[in-house]
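> just the structure for this:
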Amino acid sequence: MMMKNRILKLICLNFGVALLNVVMFSKGLVGLSFAGDALQVALAVTTIVMSLIVFCYGNYALLFHEKPEPAVQFLRGSEFTEPEDYIEALTEKKGNGVFDGEINTSVEQVNRMHDKDKALKSILEQFFTPQEITFTRFQTAINSVQAIFYNNIKKMLNRMLIFDYKDYNKLVEKVRNSYARENGGLVSRSVDTQMRIYNEHIEYVRSLVSMNEEILIKLDGLLLEISKLDDLDEKGLENMAAVQEINDLIQQTKYYKS
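Next up is the predicted model:
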């Protein structure tokens with residue numbers, strides 16, 4: 001994306017410089033010339049010099065001047081409004097190797113969640129009207145676990161933001177080459193400590209993937225039980241095993257922090 005923006009800026013810059021010179025030196029437009037009076041020659045020379053400066057400096061700045069990387073900004077969730085937003089954010093994190101498997105699984109989970117949400121709403125609307133208490137209770141439970149699900153995705157993305165892939169790969173290479181053992185216990189302890197920290201990040205992301213899988217399984221159970229119903233009152237809803245499992249899950253994760 002950054003490369004495309006850079007190429008677009010280069011095209012606009014060079015096209016702009018060329019267009020300016022066409023306008024300034026075309027007889028049908030401004031009509032500057034090096035064969036005219038002193039003022040016209042001065043303007044022509046100034047136009048050429050300024051064009052060269054803008055051309056050289058602009059191309060150099062766009063091609064070789066790298067802007068400093070912005071400070072890490074954690075995602076808060078308000079950046080996403082649709083499942084596709086989460087999928088796009090996850091896909092952008094692919095390519096570093098460390099979390100590619102978890103990212104692929106999470107993208108699949110988001111698609112499954114989207115499909116289950118549509119299926120649950122469709123079945124609920126067949127049995128209840130939106131004004132019924134039972135419908136509201138079901139929808140509240142579904143919305144709650146969805147909020148946990150997508151919040152887990154956000155937490156995963158935040159961990160990936162602060163994960164130093166280059167440093168981690170260097171540490172892995174050191175371990176492979178037995179670098180730490182060859183250079184004394186102090187280096188070994190340092191590497192071990194750093195690796196433990198990185199492994200904690202990796203395990204945390206994996207635990208969130210597992211939690212989201214558990215949420216999807218519980219929604220499968222809820223979908224199955226709802227599809228078997230012909231009639232249900234509020235008391236029956238409260239005793240439904242799938243709803244009880246979902247309520248337990250909500251309570252367990254209510255105070256779960258990143």
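
> may I have the secondary structure class of Lys94?
coil (DSSP: H, G, I helix; E, B strand; the rest coil).

> and Glu203, by the same measure?
In three-state terms, and counting by three-state DSSP, Glu203 is helix.

> where's it relative to Lys121, distance?
35 Å (CB to CB, to the nearest Å). From N, CA and C alone the C-beta is placed, and that goes for glycine too.

> neighbour-wise, which of these two wins?
The neighbour count for Glu203 versus Lys121, taken as other CB atoms under 10 Å, is higher for Lys121 (14 against 10).

> show me what secondary structure element comes after whichever strand or helix holds that one.
Using DSSP states H and E, Lys121 maps to helix 100-127. Beyond helix 100-127 on the C-terminal side, the first helix or strand identified by DSSP H and E is helix 133-162.

> domains of this protein?
Residue ranges for each domain of the chain read 2-64, 83-253, as given by automatic domain parsing.

> want to throw those into CSV with mean pLDDT?
Output for those, formatted as CSV (pLDDT from 0 to 100):
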stretch, mean pLDDT
domain 2-64, 74
domain 83-253, 81
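
> could you say which of the ones you listed is packed most deeply?
domain 83-253 (a mean of 15; mean count of other CB atoms under 10 Å).

> what separates it from the chain centre, distance-wise?
15 Å (CA atoms, centre = their mean, to the nearest Å).

> my read: Val23 touches Leu29, true?
Yes: using CB atoms under 8 Å, Val23 is in contact with Leu29, at 5.0 Å.

> Met50 versus Lys9, what's the distance?
19 Å.

> kindly report the same for Leu63.
In terms of CB to CB, Leu63 sits 20 Å off from Met50.

> checking Gly31 next. Helix, strand or coil?
The three-state label for Gly31, taken from three-state DSSP, comes out as coil.

> correct me, but it touches Val22?
No: Gly31 lies out of contact with Val22 (CB under 8 Å); the separation is 11.5 Å.

> picking up where we left off before, let me know the angle separating the helix holding Lys121 from helix 133-162.
Calculated by axes from the mean of the first three to the mean of the last three CA atoms, to 10 degrees, helix 100-127 forms an angle of 170 degrees with helix 133-162.

> out of everything not next to it in sequence, what's closest to Val45?
Phe34 (7.7 Å; CB to CB, 6 or more residues apart in numbering).

> just the element for that neighbour, please.
Per DSSP H and E, there is no helix or strand for Phe34.

> for Thr140, see how far away it is.
For Phe34, the distance to Thr140 (CB to CB) stands at 79 Å.

> again with Thr129
From Thr129 to Thr140 the distance is 16 Å (CB to CB).

> how about Val45?
According to CB to CB, Val45 stands 75 Å off from Thr140.
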